[in-house]
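Chemist: Quick one: sequence plus predicted model below, questions after.
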Amino acid sequence: MRFCGDAMASNAGGGSRRLLVDAGWVGGPRPILERREMTMTPLRRRMIEDMTLAGLAPGSQDIYIKSVRRLAAHYQRSPDELSEEEVRSYLIRLRDRGAARGTFKADHYGIRFLYHHTLGRDWPLFVKKRFVCRRRNASPMSWPMSRSAGCSAV
């Protein structure tokens, strides 16, 4: 299954190209836009349906679709063919390139939505780690000193 039909499709894949012409241009017609007409892939359609069922706003859906499209374009393969390690490597690369925190989180959430909700893959990469702090005594005087001392990852 291919995800991003509009980013990597060819004419053989069912898309057709049309060249639009601006006839009102001084000096004769000139091309103004190239548009591709594509059919939506089953994986993309299913992800959109899952996001709609989950109640995501159209803007969030658009952001999630674009983040998965960039992932697919990076590897030039459909996201359902990627391994957890490849996705992890892609996310680390985003961080290393200096993506803003909001941009990174949006991409991470979009990719996580695809793998967790649409494809049903419960990868450790997308499991949220919880931290538990155990206090030794409840005295308010000890809070500033012992808060971080008893914390551990679960």
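Modeler: Yes, it's here.
Chemist: buried residues in the helix or strand containing Glu85?
Modeler: Using DSSP states H and E, the element containing Glu85 is helix 84-96. Neighbour-count burial for helix 84-96 flags Val87, Tyr90, Leu91, Leu94 (criterion: 16 or more other Cβ atoms under 10 Å). (Each C-beta comes from the backbone N, C-alpha and C, glycine too.)
Chemist: Run through the residues that contact the second one.
Modeler: To tie it back to what came earlier, the one meant is Tyr90. Going by Cβ atoms under 8 Å, 6 or more residues apart in numbering, Tyr90 touches Leu71, His74, Tyr75, Ile111.
Chemist: Poorly predicted segments of this protein, please.
Modeler: Low-confidence segments of the chain (pLDDT under 70): 1-38, 129-154.
Chemist: Mind doing that once more with 90?
Modeler: 1-41, 121-154 (pLDDT under 90).
Chemist: Could you list every helix and strand in contact with the lengthiest helix in it?
Modeler: In the chain, taking DSSP state H as the definition, the longest helix is helix 58-75. With contacts defined as 3 or more Cβ pairs under 8 Å, 6 or more residues apart in numbering; DSSP states H and E, helix 58-75 has these neighbours: helix 5-8, helix 42-53, helix 84-96, helix 101-113.
Chemist: Good, wrapping up.
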